[in-house]
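[1] fold the stuff below for me.
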Amino acid sequence: MGRKKLEIKRIEENSSRQVTFCKRRNGLIEKARQLSVLCDASVGLLVVSASDKLYSFSSGDRLEKNLDRYGKKTC
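    Model (predicted):
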């Protein structure tokens, strides 16, 4: 027996939305870290909040180095 599907919609109350953002951001960073460790992958993550605050995660190397390496492969 699985979980019931939740409807995804915008949280109207600012304080509740901020708390949810912090929890989900931390969970997303943890998943990125796990992906990096389990699969020996280079992972870079950028998250920008509604107040334009930037959060980043990079496995191993600096995020800029990962982005440069990706840019060279796609050009």
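
[2] and the helix or strand hosting R33, what's buried?
    According to DSSP states H and E, R33 maps onto helix 14-39. Residues of helix 14-39 classed as buried: F21, I29, A32, S36 (neighbour count, 16 or more other CB atoms under 10 Å). Any C-beta I mention is one placed from the backbone N, CA and C, and that applies to glycine too.

[3] adding distance to L67 and pLDDT, write the residues you listed out as JSON lines.
    Below are those laid out as JSON lines (distance: CB to CB, whole Å; pLDDT from 0 to 100):
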{"residue": "F21", "distance to L67": "24", "pLDDT": "97"}
{"residue": "I29", "distance to L67": "17", "pLDDT": "97"}
{"residue": "A32", "distance to L67": "15", "pLDDT": "96"}
{"residue": "S36", "distance to L67": "15", "pLDDT": "93"}
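
[4] distance between the helix holding R33 and the chain's centre?
    Put simply, helix 14-39 sits 6 Å off its chain's centre (CA atoms, centre = their mean, to the nearest Å).

[5] just checking, what packs against the next helix or strand after that helix?
    For helix 14-39, the succeeding helix or strand toward the C-terminus, using DSSP H and E, is strand 44-48. On a contact count with 3 or more CB pairs under 8 Å, 6 or more residues apart in numbering; DSSP states H and E, strand 44-48 meets helix 14-39, strand 54-58, helix 63-74.
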